[in-house]
Structures are given as structure tokens and as C-alpha cells.
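Structural data only, the sequence is not supplied:
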Ligand SMILES: CC(C)(COP(=O)(O)OP(=O)(O)OC[C@H]1O[C@@H](n2cnc3c(N)ncnc32)[C@H](O)[C@@H]1OP(=O)(O)O)[C@@H](O)C(=O)NCCC(=O)NCCS
């Protein structure tokens, strides 16, 4: 796959907000319209407020023009481990979460999307990159847990790349975790 990863923050710094918004408006992901609209409508604001960091997978066409093949967003969001969830969780995983008074700290893979027409497998490659970034952060500040929230349909996909589902639904989403 021919792409390079770029920080949205740097793109805004180098090109300005108006140019960046117009560039992001070219992104299409028909399988994930929520993820598409996050990139177009919220990612720059979240970057400015420090809520998340977004990274774009870019490919240059023959004329040197960049095309967005996919993106992912990283953040921090704790996990609530209530009694029900605690009981449903395997002991080995529970031990790794370092829960303190019902809260486990976690890195969040908040968004992930592959553009229409981008090669299958790019999503998994972006997850590997995201985990490398979390690992670098973990080496500096600690925390070994990575979480994400997904719809039922995507559970098998995330399980196939090493995430485990914990507990039941919260707001119609499943919490999945992996340990770095
Ligand atoms: C999730 C995603 C990044 C994975 O990319 P990838 O690693 O390149 O893998 P693929 O796109 O081939 O998807 C793998 C499988 O996941 C499942 N899947 C992916 N997105 C799905 C969705 N939105 N709803 C239901 N199933 C989905 C499908 O079974 C798919 O296999 P198929 O296309 O052969 O049926 C990509 O499919 C995507 O952009 N989906 C839409 C946005 C999205 O749902 N993001 C996840 C939010 S938690």
C-alpha cells in the first residue's frame, strides 16, 4: 500500500484551516458516514481543543496531488468497570486493566475509516500504526490499555486483530480492549 501518515495538526499549521477544511471535504466513506462526518466537521475543532489527534493516510497521485485514503483519531478515555462488567470479564484481562475504584485508564482509538476505493486492509494497517503510537506514549507516561467502541457488526473484525469485548452494550456500542 502506497501511503504516508500525516498529522492533521501539522497540515492545519502548514496550510491553514480553510484549505484543510476543503481538503477534508473530499473524503468519502460510504460504509461509515459517521466517521466521514467526524473528519469533515469535528476533527479540526477536536485537534484545537486537545480532545483527539487525527492522522491521515495520504497518497500522492501522478500530478503530485494528495488524496486521503483513510484516517484514524487517537484520544484518552477511561473505562468504567462496574460490577456487571467486572463479573463478565475474564480474570486475566481484569488483572491487566489496573482498575482503581471502578475506573481503568485507557487510550482510545476514537475513529477509523478507509476511503471508498482505498485498498482493503488499509484499516488494519492504520490500527497497527495507531498501536505503535500508543506504545510510544505508554513508554513515556504509562497505561497499557487501548479501547475502542464499535457496533455489533464490527466485533468479529476487531477480534480478528486482537481486541476483546468487555461487558454489555453502552449506548448501543460494544467496548473492545487490547493490551499493549
Ligand atoms: C473498519 C475499516 C476501517 C476496516 O478497514 P480494513 O482493515 O481495510 O478492512 P475492510 O474494509 O476490508 O473490512 C473488514 C470487514 O469488516 C466489516 N466491516 C467493516 N466496516 C463495517 C461496517 N461499517 N459495518 C459492518 N461491517 C463492517 C466487514 O465484514 C468487512 O469485510 P467485507 O467488506 O469483506 O464484508 C473499514 O471497513 C471502514 O472504513 N469501515 C467504515 C467505517 C467504520 O465502520 N469504522 C469503524 C468505526 S468503529
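Good, I have the coordinates. Everything numeric in this text was worked out from a predicted model, so none of it was measured.

which element is the residue nearest in space to the middle of the chain on?
By C-alpha atoms, centre = their mean, the chain has its centre lying nearest to residue 109, at 2.8 Å. Assessed by DSSP states H and E, residue 109 sits inside strand 107-114.

elements contacting that strand?
If contacts are counted by 3 or more C-beta pairs under 8 Å, 6 or more residues apart in numbering; DSSP states H and E, strand 107-114 sits against helix 33-37, strand 66-76, helix 122-141, strand 145-150. Every residue, glycine included, has its C-beta placed from N, CA and C.

which other residues reach it?
The contact list for strand 107-114, computed with C-beta atoms under 8 Å, 6 or more residues apart in numbering, reads 27, 29, 32, 35-36, 38-39, 43, 52, 54, 69-77, 120, 122-123, 126-127, 130, 134, 137-138, 143, 145-148.

just checking: which of the residues you listed also lie near the ligand?
With C-beta under 6 Å from any ligand atom as the criterion, these include 29, 32, 35, 120, 122-123 near the ligand.

quick one: which two of the residues you listed are the most distant?
Farthest apart among these by C-beta to C-beta are 35 and 120. That separation is 16.2 Å.

Neighbour count for those two, which is higher?
residue 35 (20 against 8; other C-beta atoms under 10 Å).

Skipping adjacent residues, who's closest to that one in space?
Excluding its sequence neighbours, the residue lying closest to residue 35 (C-beta to C-beta, 6 or more residues apart in numbering) is residue 113, at 3.7 Å.

So for that neighbour, what pLDDT did the model give?
pLDDT, residue 113: 98.

What's the separation between it and residue 98?
30 Å (C-beta to C-beta, to the nearest Å).

Compare these two (neighbour count), which wins?
Between residue 113 and residue 98, counting by other C-beta under 10 Å, residue 113 is the more crowded of the two (27 against 14).

what's across from that one in the sheet?
residue 71 (DSSP bridges).

beta partners for the residue nearest to residue 134 when sequence neighbours are not counted?
Leaving aside its chain neighbours, residue 134 sits nearest to residue 107 (4.6 Å; criterion: C-beta to C-beta, 6+ apart). Residue 107 forms beta bridges with residue 76, residue 146, as assigned by DSSP bridges.

number of nearby residues for residue 83?
8.

Give me the phi and psi for it.
Backbone dihedrals for residue 83, given as degrees, to the nearest 10, come out at phi -60, psi -40.

ok, it to the ligand distance?
Residue 83 is 26 Å from the ligand, where distance means C-beta to the nearest ligand atom, to the nearest Å.

pLDDT below threshold where in this protein?
For the chain, applying pLDDT under 70 flags the ranges 168.

got the residues of it near the ligand?
Contact residues (C-beta under 6 Å from any ligand atom) of the chain with the ligand: 29, 31-32, 35, 112-114, 120-124, 150, 153-154, 157.
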